[in-house]
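Student: model this:
(2 chains)
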Amino acid sequence: MNLSILVIVPLLTVLALLFSRGQNAIRWLSFAGVTVQLVLSFVLLAVFWKERAAGNPVSMLFEYRHAWFSALNIDYHVGVDGISVAMILLTAVIMVGAVLVSWKIGPHSRVFFILLLLLSAGAYGFFISLDLFTLFFFLEISVIPKFLLIGIWGSGKKEYAALKLALMLMAGSALVFIGILGIYYNSYGPPSLYWPDIHPAVSVQRIFFPFLFVGFGIFTALFPFHTWVPDGHSSAPTAASMFLAGISMKLGGYGCLRVAIYMMPAAAAEYSPYIIGLATIAIVYGAFATMMQKDLKYINAYSSVSHCGFILLAIGMGTRTAIVGAVMQMISHGLMTALFFAAIGMIYDRTHTRLVEKLGGLLKIMPFTATIFVIAGLCSLGLPGLSGFVAEMTIFMGSWQRPETASRLATILACASIVITAVYILRATGQTIMGPIKDPQYNSLTDASWNEKLAGVLLIAGIVVIGVAPFWLNQLINK
Amino acid sequence: MPNTAYIILIPLLPFIGFVILGLFGRKYIRSFAGAIATGLLLVSTALSLWVAYWYFFVGGMVNGAYRPVTALKLEWLSFSHDLSIDMSIILDPISVMMIVVVSLVSLMVHLFSLSYMKGEERFATYYAFLGLFTFSMLGLVVSGNIFEIYIFWELVGCSSYLLIGYYYDRPTAVAAAKKAFIVTRFADLGFLVGILILSFQAHTLDFNILISRLLSAVMNPSDAGLASFWGVSLISWGLILVFIGGAGKSALFPLHIWLPDAMEGPTPVSALIHAATMVVAGVYLVARLYLLYALIDPAVTQIILYAGAISALLAAIIACTQTDIKRVLAYSTMSQIGYMMFALGTYHPGEDPALGYTASLFHLFTHAFFKALLFLCAGVIIHNIHSNEMKDMGGLRKSLPLTHACFLIACLAIAGIPPFAGFFSKEEILLAAWNSNKLVYGIGLFTSGLTAFYMFRLYFSVFWHKPATGHRHRQPLVESLPLVILALGAVFAGFIPFSRFVTASGFPDKPSGIGTNAIAPVLIAAVGIGIAAWLYAKASDRPAKAAASLRGLYTFAYHKFYIDELYLFITKKIIFNCIGRPAAWIDRNIVDGFINGVAITTGRISTAIKGVQSGRVQDYAWFFFIGIAGLAVLFIYIVT
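Tutor: Down below sits the predicted model:
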């Protein structure tokens, strides 16, 4: 399978959008684009599975290489393994949801969808890149449109948030770029950017690992560089929040994983106490900070800090089981948080508030939306049968395999955070979804429209499929 | 049974009901939602009874002992080559006994609810949640893998949350649901860490292999590097932590605070979840790991013994002072579970060492009947009076004759009056306690007197106390049939030769003799009933006087020993104010302040130095000149 098609389809959709007229054409065209992409990613899954079943042992499948700037050994080089396939599936599912919930997006809907699709093209490109420069290139593509999405279609302190998010992510990219340069000029033999095969000397790893890891870590809310998350998420329009938390934060997680496990395992082992420490702080402290939030989007943003901490914790632990858990957590958190933001967006569109104390009794008024919210919440607090449980338990089992007392303690603290998660999720659910209706005006509100329902059902299906039958994802990641 | 795969239908049918009703119940099949769920469960119950017959009388016994049969095993999630979660179904005496209890009581509750919950707006949702619960509970009891049981453990917790919060527009129900979930979640943290410890020591998650490996590791300490932490071996830590999980679910003191509040749920739900099935999951878990709890560390066995005994006693004292009929029953449940739990802690070397195991599960079995019966009767009463408060009741013996009879039977059963079911099982527990620890025997004996007192206090207050008035209330068949069936259980379940089927070793045992040892408990129960009759059979000022004479203890017990207030203080004052609020504040002001500070400083520096690039040639000439001069000075300085 030619992987470049995954980048080309969104770009073609963008091109078509430029020439389309009318609100309806724009919507349906975007929807068609992301749906084709979703089908393609399932095709990718199928052919990947078939290839592996046939016994193809190569670590990266469907490789394609084209010299881009040969003087510096920069190639356009793509390929996938099980982890990338899983991330591509995640991106495709969330994108369909994001387009569906933006059906009635305000002014300039054409530009909105174009930016959203550009973002997704960046994410797809990122997940298939095998060349560090290409990887960096696609990472940048998926940053800049966010600035515009938040700045134009956002709410609240949107200019501040847009600037903060863009600057911090840019700072992360800059660190990544320094790291890439460091590796490039210090690798054995001829300088190479082909990351599956880069193994710098330990002394080089020691210097440049922090650049790459912290750089990617900023994307995935590494403590203390997580502060863009609450502001960015809460000001972004629904679809952008879904992309940000669902996919963009996973770019960082994916990057950290590749750096720590594939490129610089020696440095990762040396720095693992710091990674584990920061991740544990993010998990516990993020959870406690969530408990005090009053705005639904802030609740989900802080809880993302806590949940993404699990990804970093697992990467820090570095056992095989923990790594599988990290990927599962990326997928699970992506779907769950996108679902959460979709539900919050639906509520906000109708009630024009996201403050917990002003909402109440939504189950009576909009049962479908409320049910989506509850399911997202239950996934977040790790209910078996939904994806969150599978991911978290895999991480706990994997982390426990590290015998040091300190990492055991970190694992126990991480386990304890699921109790705090239950506290804040049930508080939010109890006050907004259950209880008496606080504002009589809410009685006249309507439930989710068909497009919103479809988005919800799609994301829930993803969560349930992983939660009920996790073995396929487990096998996919291990392949 | 050559092909055992059909057993999966027993848990699966209620789950199918949940899916169907959850997806379509709201609109399409609302009116016959109850019929669908009850029908599916009827099949499930029939299958359970058939499996029980097959296991106990046909295929379960190998070489004179009941052996576990693995009916199904599917790999669900594999962590590493030796640790994997398998979805398995194992049949052994306790799991078979439990599927019968769970499906039977659940069926009774399904039937009862057909009329009791009629007209509710979310009728289909109610049955969907009941189906989810029944599925999870059946899954829990047949689990052959410790992680599998944890999965269903969490699922029953969730269905309990959904059902307690069924009347979601009542703030008290929402708060109670939340409390139940969070308190049990907190206890489950212990369970989870316990699983991590034990599975890591044993390199397996499979129950039976886990038990045998851990036992052999302890018997031959040289094989395994038995690590310890704070002087206690890791295995003991693991067992204690798992027990904490069980204590949370089974509402043992001091993790019981959620159970009385859980009575906010619909009454049939209380009968099913918070009396007969889910709350005994902790007992079941300890019973499943009985060999480990009994043999590995005597200290751990003692913890179980005393945790159960204290819980039994305190709950009985509180029950004597409560005025809400469902809360009295809730504390009574807690007390009876305390009995079951301490029975599991009575292991002692000597004659009949594991009598407590059989006794505990026997009590679990009989308790399911009479406690579910009590709750369903309470439901009928509450529907008639439209109040939960005992003071609004009285003299109901004429208007509710069937309920009166059933309630009396259940009270006699729980009080331990022969020949009702509770007598036999409680007798066995007390016998096991006598053999093992005299203090705990004393507590058990005293508690059984209290039990008789508070149950008959309830009975007399509801059915006597005031002159009988009102005409006879007609009950629909779906309401009275479950009462009659459960009442039959409460009368006759005690005659089942339980030790013939359920023993720790698997070998059938002769029934423990009931002789002179039964005199004391029965006498004490009779005294309790007598005092209750004297105080409550007729309206008088005697109860007030009695309360006044024991004022200190009465007030203390009436306020449930102020445990709730203590928890409230810890959570609200300490966790929220001293951890949550500072964390949120630090994040907004210090961490984010630092990041913003970097941005602001960068901005200021660039503002400060942007004048340098002014575009004026004169300025550049000056910089050039000063630079050259500086370099010249530096150069001269270095050279000379």
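Student: right, and the secondary structure at residue 166 would be what?
Tutor: Unless you meant another one, I'm taking chain A. State at A:Ala166, reduced to three classes by DSSP: H, G, I helix; E, B strand; the rest coil: helix.
Student: hm, I was asking about chain B
Tutor: Under three-state DSSP, the three-state class of B:Tyr166 is coil.
Student: quick one, what contacts B:Val300?
Tutor: For B:Val300, the contacting residues are B:Ser236, B:Leu239, B:Ile240, B:Phe243, B:Tyr293, taking C-beta atoms under 8 Å, 6 or more residues apart in numbering or on different chains as the criterion. Glycine gets a C-beta too; all of them are placed from N, C-alpha and C.
Student: go with 7 Å
Tutor: B:Ser236, B:Leu239, B:Ile240, B:Tyr293 (C-beta atoms under 7 Å, 6 or more residues apart in numbering or on different chains).
Student: Tell me if it really is in a strand.
Tutor: No. If the criterion is three-state DSSP, then B:Val300 is helix and not within a strand.
Student: what's the distance between it and chain A?
Tutor: Distance check for B:Val300 against chain A: by C-beta to the nearest C-beta, to the nearest Å, it reads 20 Å.
Student: Make a markdown table from the contacts of B:Val300 and add neighbour count, secondary structure and pLDDT to it.
Tutor: Below are these laid out as a markdown table (neighbours: other C-beta atoms under 10 Å in any protein chain shown; DSSP: H, G, I helix; E, B strand; the rest coil; pLDDT from 0 to 100):
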| residue | neighbour count | secondary structure | pLDDT |
| --- | --- | --- | --- |
| B:Ser236 | 21 | helix | 88 |
| B:Leu239 | 26 | helix | 92 |
| B:Ile240 | 20 | helix | 93 |
| B:Tyr293 | 25 | helix | 90 |
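Student: which residues touch stretch B:569-583?
Tutor: Contacts with stretch B:569-583, where a contact means C-beta under 7 Å, 6+ apart, come from A:Tyr285, A:Phe288, A:Ala289, A:Met291, A:Met292.
Student: sorry, back to before: among the contacts of B:Val300, which one lies nearest to chain A?
Tutor: Ranked by distance to chain A (C-beta to the nearest C-beta), the contacts of B:Val300 are led by B:Ile240 at 14.1 Å.
Student: Filtering the contacts of stretch B:569-583 by proximity to chain B, which remain?
Tutor: Checked against chain B using C-beta under 7 Å from any C-beta of the partner chain, those yield the following neighbours: A:Tyr285, A:Phe288, A:Ala289, A:Met291, A:Met292.
Student: By neighbour count, which of the residues you listed wins?
Tutor: Using other C-beta atoms under 10 Å in any protein chain shown as the neighbour criterion, A:Ala289 leads those with 31 neighbours.
Student: Could I get the pLDDT score of that residue?
Tutor: Note on A:Ala289: pLDDT of 88.
Student: average pLDDT for stretch B:479-495?
Tutor: Rounded to a whole number, the mean pLDDT of stretch B:479-495 is 90.
Student: Report the buried residues of it.
Tutor: B:Glu479, B:Ser480, B:Pro482, B:Leu483, B:Ile485, B:Leu486, B:Ala487, B:Gly489, B:Ala490, B:Val491, B:Ala493, B:Gly494 (16 or more other C-beta atoms under 10 Å in any protein chain shown).
Student: need the contact list for A:Arg366.
Tutor: Careful, residue A:366 is Met; it's not Arg. A:Met366 makes contacts with A:Leu445, A:Asp447, A:Ala448, as judged by C-beta under 7 Å, 6+ apart.
Student: Phi, psi for it please.
Tutor: The phi and psi torsions at A:Met366 (degrees, to the nearest 10) take the values phi -130, psi 80.
Student: burial count for B:Pro171?
Tutor: Applying other C-beta under 10 Å, we find 14 other residues in the vicinity of B:Pro171.
Student: Would you map the strands across the chain?
Tutor: No chain was given, so I picked chain A. Using DSSP state E, the strands found in chain A span residues A:61-69, A:74-80.
Student: wrong chain, I was asking about chain B
Tutor: Secondary structure of chain B, counting by DSSP E: strands at B:61-62, B:65-66, B:69-78, B:84-91, B:228-229, B:232-233.
Student: Report the rounded mean pLDDT for the third one.
Tutor: What that stands for is strand B:69-78. Here the mean pLDDT over strand B:69-78 is 86, rounded to a whole number.
Student: and what of the fifth one?
Tutor: Across strand B:228-229, pLDDT averages out at 70.
Student: ditto for the last one
Tutor: Strand B:232-233 shows an average pLDDT of 77 in the prediction.
Student: for the chain, which spans come out with low pLDDT?
Tutor: Since you didn't name a chain, this refers to chain A. A:189 (pLDDT under 70).
Student: wait, I meant chain B there
Tutor: Counting by pLDDT under 70, the ranges of chain B that qualify are B:1-3, B:221-228, B:231, B:512-513, B:640.
Student: For B:Tyr357, which of the strands of chain B is the nearest?
Tutor: Between B:Tyr357 and the strands of chain B, the shortest separation by C-beta to C-beta is 13.2 Å, and it involves strand B:65-66.
Student: Pull the residues that contact that closest one.
Tutor: B:Gly60, B:Asp92, B:Pro93, B:Ser505, B:Gly506, B:Phe507.
Student: who touches the fourth one in this structure?
Tutor: It stands for B:Ser505. Contacts for B:Ser505 were tallied using C-beta under 7 Å, 6+ apart; they are B:Ala65.
Student: Kindly report the same for B:Gly528.
Tutor: Shown in contact with B:Gly528 (C-beta under 7 Å, 6+ apart): B:Ala415, B:Gly449, B:Leu450, B:Ala452, B:Phe453, B:Phe456.
Student: Now tabulate those residues in TSV and tack on neighbour count.
Tutor: Shown next, in TSV, are these (neighbours: other C-beta atoms under 10 Å in any protein chain shown):
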residue	neighbour count
B:Ala415	29
B:Gly449	22
B:Leu450	21
B:Ala452	28
B:Phe453	25
B:Phe456	26
